Every structure is written in C-alpha cells, then in structure tokens.
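> following is a predicted model, sequence given first.
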Amino acid sequence: MRVICRTALLLLFAACLITRQGMAEDGSGIKIRVMTFNLWRGGLNGGQPLDQTVKAIQIGKADIVGLQETHHDEDDSSAKIAKRLGWHHFSQGGGTAIISRFPILESTERKWGVLIQLGTHQKIYFFNVHFPASPYQPYQILKIPYGDAPFITTSEEAVEWAKKSRGRQLNSLFEELSPVLKGAMPVILTGDFNEPSFQDWTSEASENGIVPLAVPYPTTKRIVDAGMLDAYRSAWPDELKARGYTWTNRTLPDDPKDFHDRIDFIFVKACSVIGAQVVGESKTNADLVLAPWPSDHRAVVASLEINTP
C-alpha cells in the first residue's frame, strides 16, 4: 500500500511540475529543457566547489541532465548534485549518470537509458553516453600527439579510426536504442561523444578553412540515419556560422596543440526542437554564462516540445 501511495504521489508531483514547466496552453505538448554536461572529474577538477556545477545546471534551467565524468577519485558527485537540486538520480556506472526533475521509473538492461515519467500520460526514454576519448581523430589529422595513436591524412582513415575508437560501445548502445526507436515514444540521447559531427566537418566547412577536411564521422551519422535529430544543429543549421564549440575552454582557439570542436550532443526523436544553447564561461563562447566555469567542456541545453500521438 505504501508503494502504491508513493507512486501516486510521484505522478501527482510530476504532473504539477509539468504544469509549472510548460504544458502548452493550447494543449499541443509538454515543454522541457534537457542538458548534456561533462563535469570534468566530478565537477571538482577545475578547483571549483560542487555548488558551481549545480549553478551551471540551474542557469541552463534544465529539467533532465545526462552527466559524464561524474567521479572524482572514488567519489561520485552525481548523487550529491541530484540531492542538492531535489531531483531523482540514476547511476549508469562508468562515471555516467542521469538526473531528473521527473521520476525515473526503470532502466534498460545495460543501463544505457532510463524510462522517465513526465506526466500521468507521458513517458520518455532518455539515454546518456560517454564514448572513448582516444584515439581522437581531429588530433590524428592535425598531427597533435595524443596517446600512441598514429597520425592520419585522409577522411577514410578518420572514419576507420573512429569506428575502432567507439564502434564497440556504439554497437552496445544500439542494441538497446534501436528497439526503442521503432516505437512511438519520444527518445532523447545525450552525451560526450569524443568525436565531432559529420554535420560540422562538411565540405563547406573545409573549403572555408574551419576544418582541415570533410569527414563523415560515423557515430553521429549512424544516430541521425536511425531517425534522430541533432538538437543543436536543428536549431542552428548553418555549420559555418554556428559552430557550438563544447571542447574546450581550457585553451585558446589558435593553440597549435589543440583543436576546438563540438563533441557534446543532444539527439532527439518524436520531439520538436524549440531552441538550443551552449552554456559556458564567457559571452564570446557561450549563450548562457557562468564564471568561473567548473568544467573543461561546455554544456549544451535544448528546449524541446514532446510530440504526443
């Protein structure tokens, strides 16, 4: 009886939150804001208190956040962040977690995703990933030493090395993501992909000197080909004018030992993208600003309207 009452209270609480957050007055759908945020070793590696990471989430006005690098040594910051926000928390393991203003009902078997109750009659699937950082193809192409990965020169080599770097984890993700995408339920995928987008490394971007060559990066391409939409690129379709750099705020743009890029993503299915913003350290590099910024990645937040059947 206690379980039933608790569940009923949670659903009532979620429904009240939706009313506050933005069930559209015309009844067209539920509006939420979702964020992807690499914390940089639990939000503590930059010398800032954990409250600064909480402020970043609050400035983004996020309702659900996919977190990466949640650990600092053996300590996991994600549960502490959720507690300070008064939110629900799910640890995926491996330094990733999902925190939510709304109740988290259950997870997929391998914990790539969770089922979240937005309201009495609306649920969504929310997936979150942190893919391997090395070998990192932009560094390989630009001859920037990073680990023991060889330097490369062609687009074909970049695609092949990207598959070697992240293919195994991507395949594991798709074993749980693909069945969900076949259904009618809205799906959101966040993460630090540690790989740029095929929609950013285009021929036009290469011809304008923004990237060294066009590369159809396979991770983002496979996700888009599966029917998901890149929320940032949907809101800002011109890849020449809106680069949306999330990596990194720790070096200058002209640093020969680094290359700034967009590697943190929000993908959606059965959601309309209202807008997307970068959250970071300065007006020059972000739409929403918090200084000092606690991470070496900028965060991304997207405003979405859930498409109901």
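Structure received.
> show me where the stretch 201-309 of the chain has helices.
Taking DSSP state H, counting those that start in this stretch, the helices of the stretch 201-309 of the chain run over residues 203-207, 218-225, 231-235.
> can you tell me which of those helices is nearest to L39?
helix 231-235 (19.4 Å; C-beta to C-beta). Every residue, glycine included, has its C-beta placed from N, CA and C.
> before we move on, the earlier item: same list (the helices of the stretch 201-309 of the chain) but as JSON lines, adding mean neighbour count.
Listed next are those as JSON lines, based on neighbours: other C-beta atoms under 10 Å:
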{"stretch": "helix 203-207", "mean neighbour count": "13"}
{"stretch": "helix 218-225", "mean neighbour count": "19"}
{"stretch": "helix 231-235", "mean neighbour count": "23"}
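> and of these, who's closest to D76?
Nearest of the helices of the stretch 201-309 of the chain (C-beta to C-beta): helix 218-225, 25.8 Å.
> who are the packing partners of that closest one?
Here helix 218-225 touches helix 155-181, strand 264-269, going by 3 or more C-beta pairs under 8 Å, 6 or more residues apart in numbering; DSSP states H and E.
> if we go to 6 Å?
Under the contact definition 3 or more C-beta pairs under 6 Å, 6 or more residues apart in numbering; DSSP states H and E, helix 218-225 sits against helix 155-181.
> now the helices of the stretch 201-309 of the chain in JSON lines, please, with extra columns for distance to Q48 and mean pLDDT.
Listed next are the helices of the stretch 201-309 of the chain as JSON lines, based on distance: least, C-beta to C-beta, whole Å; pLDDT from 0 to 100:
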{"stretch": "helix 203-207", "distance to Q48": "33", "mean pLDDT": "98"}
{"stretch": "helix 218-225", "distance to Q48": "30", "mean pLDDT": "98"}
{"stretch": "helix 231-235", "distance to Q48": "25", "mean pLDDT": "98"}
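> any idea which of those helices gets closest to T154?
Among the helices of the stretch 201-309 of the chain, helix 203-207 sits nearest to T154 (C-beta to C-beta), with 12.6 Å.
> could you export the closest one as PDB, CA atoms only?
Taking C-alpha atoms only, helix 203-207 is exported to PDB below (Å, rounded to 0.1, in the frame of the first residue of the first chain):
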ATOM      1  CA  SER A 203      32.900  20.100 -47.500                       C
ATOM      2  CA  GLU A 204      31.700  23.700 -47.000                       C
ATOM      3  CA  ALA A 205      33.500  23.900 -43.600                       C
ATOM      4  CA  SER A 206      36.600  22.500 -45.100                       C
ATOM      5  CA  GLU A 207      36.500  25.000 -48.100                       C
END
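> mind checking how far that helix is from the chain centre?
How far helix 203-207 lies from its chain's middle: 25 Å, per C-alpha atoms, centre = their mean, to the nearest Å.
> try stretch 222-232
Chain-centre distance of stretch 222-232: 13 Å, with C-alpha atoms, centre = their mean.
> contacts for it next, please.
181, 244, 266-269, 273, 276, 300, 302 (C-beta atoms under 6 Å, 6 or more residues apart in numbering).
> which stretches of this protein have low pLDDT?
1-28, 309 (pLDDT under 70).
> between which two of the contacts of stretch 222-232 is the distance greatest?
Spanning the widest gap among the contacts of stretch 222-232 are L181 and G244, at 24.1 Å by C-beta to C-beta.
> settle it for me: which of those two has more neighbours?
G244 (24 against 17; other C-beta atoms under 10 Å).
> find the nearest non-adjacent residue to the more buried one, please.
With C-beta to C-beta, 6 or more residues apart in numbering as the criterion, G244 has its nearest non-adjacent residue at 4.7 Å, and that residue is R262.
> contact partners for that neighbour?
Neighbours of R262 in contact, by C-beta under 6 Å, 6+ apart: 200, 244-246.
> backbone dihedrals for it, please?
Dihedral angles phi and psi of R262 (degrees, to the nearest 10) take the values phi -110, psi 110.
> measure it to G66 for me?
16 Å (C-beta to C-beta, to the nearest Å).
> next one: T153
Between T153 and G66 the distance is 34 Å, computed by C-beta to C-beta.
> nice, that's everything, thank you.
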